[in-house]
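In: 3D model of this:
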Amino acid sequence: PVLTSALSRRGKDWSAKEYLAKPLDSTICRVYPPILIIRGEYDFVTEACTRDWESLLANDDKSVTAREVVLKDCAHYPHLEQQHEYAEVLEIFCSSVEDNN
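Out: Next up, the predicted model:
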């Protein structure tokens, strides 16, 4: 059902109301790693969706950091459509996380 739903929305913007993130369960984990959100310029996952996710991930002490990167000239599969750029973003992000620990 999820894939069918996603395919039926191909080429349309998804609003945050249609694809809601759920709050993190603080009883499972109290410390979260830095988060990297990568999406394509033409992705059906819009800035409104990722903004909602970022707000749900934020906590009172701001210890959770989320970074969003939008890769140009691709849609929902930047790891396939822009492989080199995707790998570069991951390398920079992982290096920055490693440097901060």
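In: Run through who's touching the longest helix belonging to the chain.
Out: In the chain, taking DSSP state H as the definition, the longest helix is helix 83-99. Under the contact criterion CB atoms under 8 Å, 6 or more residues apart in numbering, helix 83-99 has outside partners 33, 34, 36, 38, 67, 69, 71, 72, 78, 79. For glycine as for every other residue, the C-beta is placed from the backbone atoms N, C-alpha and C.
In: Go through these and give me the one with the most neighbours.
Out: In terms of neighbour count, residue 78 stands highest of the contacts of helix 83-99 at 22 neighbours, by other CB atoms under 10 Å.
In: So that residue sits against residue 40, correct?
Out: Yes. Counting by CB atoms under 8 Å, residue 78 touches residue 40, with 4.8 Å between them.
In: Now do the shared contacts for the two.
Out: Common neighbours of residue 78 and residue 40 (CB under 8 Å, 6+ apart) are residue 71.
In: Which two of the contacts of helix 83-99 have the greatest separation?
Out: 33 and 72 (26.6 Å; CB to CB).
In: measure residue 100 to residue 90 for me?
Out: 16 Å (CB to CB, to the nearest Å).
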